[in-house]
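# attaching a predicted model along with its sequence, questions to come.
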Amino acid sequence: MTEANTTRAGFVAIIGAPNAGKSTLVNRMVGTKVSIVTRKVQTTRFPIRGVAMVGNAQLILVDTPGIFKPRRRLDRAMVRSAWSGAEDADVVVHLVDVQAELAAADGTGKGADKKSVEDVESIIQGLKGSGRQAILALNKIDGVKRDRMLAVAKTLFDSGVYSRVFMISAADGNGVEDLSNYLAGQVPESPWLYPADQSADLPVRLLASEITREKIYLRVHEELPYAATVETTAFEERKDGSVRIEQLIQVERDGQRAIILGKGGQTLKWIGSASREELTELLDRKVHLFLHVSVRETWADERQAYTDMGLDFDV
Ligand SMILES: Nc1nc2c(ncn2[C@@H]2O[C@H](COP(=O)(O)OP(=O)(O)OP(=O)(O)O)[C@@H](O)[C@H]2O)c(=O)[nH]1
């Protein structure tokens with residue numbers, strides 16, 4: 001438990017195979033108080049799925065896409081980059097679908113269950129490689145016999161990569177409070193990084209960045225899935241009721257800049273107009289959107305970037 005006046009805040013990476021129940025868990029931890037906006041907010045390198053308040057602690061639940069799918073056409077650097085997202089988090093939770101594990105073990109599983117088991121194995125290998133201990137959250141325990149669930153927990157725990165095991169049902173909430181409380185004690189003492197009452201303060205700039213980033217992803221994810229960051233550098237409401245938004249898209253290499261620009265600037269134009277369209281709808285007013293693309297040599301210190309962004313809410 002935290003002391004009455006001490007606040008805590010930190011990043012919790014929730015990793016797991018597709019369908020493990022990440023969204024369900026995040027929604028349950030976050031509860032209904034957090035606005036939908038928060039769920040969409042994107043930071044520099046990995047998306048924030050939600051912000052959960054647990055007593056005096058703020059848990060920023062982040063996703064690490066691409067972490068467990070090296071079999072796809074993802075190159076090593078990308079997987080490494082995804083892992084470094086997990087490494088930078090204060091706590092890593094590995095969510096495992098116990099029902100898929102059991103179905104695969106019984107031979108009754110579908111292809112998806114087998115894939116899920118492979119993903120679990122690949123995450124364990126990744127954790128071993130990163131030297132990072134994670135918390136195992138065995139999910140979907142509803143409807144599973146206790147001894148079978150414990151057997152799966154033991155097998156996984158014996159891999160040596162987990163410091164703790166929680167058995168939960170994200171769907172019915174069983175065990176989730178214990179997990180949240182434990183996580184709250186694991187994140188460092190720190191001021192909150194997000195406004196406590198999310199619904200009151202829309203981090204509009206971050207949302208605007210996220211929308212553009214999503215368009216980049218939609219258009220060019222094959223070429224540079226995680227290379228681009230988007231920062232909203234200006235957000236001005238004009239007298240005529242319209243909004244002028246300037247955004248800086250930063251990439252790591254010249255070649256990536258060329259990809260984002262596209263032939264004759266066509267790709268950037270598409271990104272800009274798709275983003276503007278969504279922003280117009282969201283903000284319910286005319287939007288003037290200006291995009292700039294620049295090459296950044298190295299990633300800025302990530303934690304600093306978060307802090308900067310956290311403090312930079314222009315609301
Ligand atoms: N029985 C059971 N089903 C669950 C539980 N948690 C999630 N599910 C189901 O598992 C499926 C996948 O859940 P999601 O939360 O979408 O899982 P996810 O794929 O990790 O999340 P995304 O990556 O956002 O898609 C859904 O049909 C959920 O209803 C649980 O505790 N018990």
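Sure, I can see it.

# count of neighbours near Val117?
20 (other C-beta atoms under 10 Å). From N, CA and C alone the C-beta is placed, and that goes for glycine too.

# excluding covalently adjacent residues, which one is nearest to it?
Residue nearest to Val117 in three dimensions, not counting chain neighbours: Ala104, with 4.5 Å by C-beta to C-beta, 6 or more residues apart in numbering.

# so the one you found lies in a helix, does it not?
Yes. Counting by DSSP: H, G, I helix; E, B strand; the rest coil, Ala104 is part of a helix.

# what about it, neighbour count?
When neighbours are counted by other C-beta under 10 Å, Ala104 registers 21.

# got the contact list for it?
Asp113, Lys114, Ser116, Val117 (C-beta atoms under 8 Å, 6 or more residues apart in numbering).

# return the closest of the residues you listed with respect to Glu214.
Ser116 (26.2 Å; C-beta to C-beta).

# tell me the residues of the chain that contact the ligand?
16, 18-24, 139-140, 142, 169-171 (C-beta under 6 Å from any ligand atom).

# spatially central residue for the chain, please.
Asp63 (2.4 Å; C-alpha atoms, centre = their mean).

# for it, give the beta-bridge partners.
Bridge pairing for Asp63 (DSSP bridges) gives the partners Ile14.

# residues contacting Tyr182?
Tyr182 sits next to Ile135, Arg164, Phe166 when contact means C-beta under 8 Å, 6+ apart.

# tell me the domain boundaries of this protein?
What automatic domain parsing lists as the domains of the chain is 8-186, 204-311.

# go ahead and confirm the residue nearest to the centre of the chain touches Lys22.
Yes. Between Asp63 and Lys22 a contact is recorded at 7.2 Å, counting by C-beta atoms under 8 Å.

# okay, buried residues for stretch 255-269 please.
Neighbour-count burial for stretch 255-269, with 16 or more other C-beta atoms under 10 Å as criterion, is recorded at Gln256, Arg257, Ile259, Ile260, Leu261, Thr267, Leu268.

# mind checking which of the residues you listed are in helices?
The helices, defined by DSSP state H, take in Gln256, Arg257, Ile259, Ile260, Leu261, Thr267, Leu268 from these.

# mind pulling up the pLDDT for the residue nearest to the last one when sequence neighbours are not counted?
Right, the one you point to is Leu268. Leaving aside its chain neighbours, Leu268 sits nearest to Leu261 (5.1 Å; criterion: C-beta to C-beta, 6+ apart). Note for Leu261: predicted pLDDT of 94.

# next up, the contacts around Leu261.
Thr267, Leu268, Val293.

# much appreciated, bye for now.
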